[in-house]
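In: Sharing a model that was predicted from the sequence below.
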Amino acid sequence: MPNKSYGCLNLGDAYKSNKEYEKSLKFYTKALKDPSCENLALFKRAWLLYQINNYDDSEKDFKKILESDPENVKAYFYLGKINLKL
């Protein structure tokens with residue numbers, strides 16, 4: 001049986017490609033309920049929030065990523081970029 005959370009991630013990616021950002025965020029958020037893909041879903045949501053200039057929420061997500069993965073270089077990188085914008 002396919003993992004529903006990864007289906008949500010794929011739908012989120014598809015909506016993001018079509019610039020339907022609210023729908024994309026909805027599916028990334030749904031995928032967060034599954035611990036097996038939580039960090040990936042959180043990263044995708046944080047990155048999308050960054051891209052649409054929602055820096056406050058993006059920063060929260062990137063910080064949450066670092067709580068479970070303190071060596072995530074990409075999260076640090078985007079936090080630095082956010083700090084330059086704020």
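Out: Thanks, I have the structure now. Numbers count the residues shown, from 1 in each chain.

In: Residue 46 versus residue 65, what's the distance?
Out: Between residue 65 and residue 46 the computed distance is 7 Å (CB to CB, to the nearest Å). To be clear about C-beta, it is placed using only N, CA and C from the backbone, and glycine gets the same treatment.

In: remind me which residues of the protein are low pLDDT?
Out: Applying pLDDT under 70 to the chain picks out residues 1-5.

In: what are the ranges of the helices in it?
Out: 4-17, 21-31, 38-51, 55-68, 73-85 (DSSP state H).

In: which one of those is the most hemmed in?
Out: Most buried of the helices of the chain, by mean neighbour count (mean count of other CB atoms under 10 Å): helix 38-51, with a mean of 20.

In: Check the offset of it from the chain's centre.
Out: Distance of helix 38-51 from the chain centroid (CA atoms, centre = their mean, to the nearest Å) equals 1 Å.

In: tell me what it is packed against?
Out: Under the contact definition 3 or more CB pairs under 8 Å, 6 or more residues apart in numbering; DSSP states H and E, helix 38-51 sits against helix 4-17, helix 21-31, helix 55-68, helix 73-85.

In: can you redo those helices as JSON lines with distance to residue 39?
Out: Output for the helices and strands packed on helix 38-51, formatted as JSON lines (distance: least, CB to CB, whole Å):
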{"stretch": "helix 4-17", "distance to residue 39": "11"}
{"stretch": "helix 21-31", "distance to residue 39": "11"}
{"stretch": "helix 55-68", "distance to residue 39": "6"}
{"stretch": "helix 73-85", "distance to residue 39": "9"}
